[in-house]
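Asks: Predicted model follows, preceded by the sequence.
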Amino acid sequence: MFQPIIPIIVAKKRRKIIKAFREAGATSKENGKTLKSLGIRNSVILKIMKLKGVLVETGEEGLYLDEVREEIVNRHRKFIVAAVLIILALIIIFAEK
């Protein structure tokens, strides 16, 4: 069965990664940093962030945070969560009738 704690853990790790890049100033190709220098290990969450374009490779083992793309992905995530909650609420409302 689905464990509700998993999305919370994933969100926390994602925020930690984003915070590390922002604090290091790694928000442009010129300021890309290695995972080692940021104290971040390679993970599935990191790979997903790369696939979504939130983290971009600089070509020299470095990465940077694409702030614009991160905002777009974040808005999309919030939209999906809101849509699911609305659908669940409607199911509950109509199931009681």
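Replies: Thanks, I have the structure now.

Asks: longest single helix anywhere in this protein?
Replies: Longest helix of the chain, by residue count under DSSP state H: helix 67-95.

Asks: Residue 27: what's it in contact with?
Replies: 21, 64, 65, 66, 67 (CB atoms under 8 Å, 6 or more residues apart in numbering). The way it works is simple: take the backbone N, C-alpha and C, and place the C-beta from them, glycine included.

Asks: From residue 91, how far out is it?
Replies: Counting by CB to CB, to the nearest Å, the gap from residue 27 to residue 91 is 41 Å.

Asks: Please work out how many residues are found near residue 54.
Replies: Applying other CB atoms under 10 Å, we find 24 residues neighbouring residue 54.

Asks: quick one: contacts for it?
Replies: Counted by CB under 8 Å, 6+ apart, residue 54 has contacts 18, 65, 66, 69, 70, 73.

Asks: what's around the closest residue to residue 57 other than its chain neighbours, how many residues?
Replies: With sequence-adjacent residues excluded and distances taken as CB to CB, 6 or more residues apart in numbering, residue 57 is closest to residue 63, at 5.8 Å. Other residues near residue 63 come to 24 when the count uses other CB under 10 Å.

Asks: which residues touch residue 63?
Replies: Residues near residue 63 by CB under 8 Å, 6+ apart: 21, 26, 32, 33, 34, 35, 50, 55, 56, 57.

Asks: In helices only, show me those residues.
Replies: Filtering the contacts of residue 63 for helices - DSSP H - leaves 21, 35, 50.
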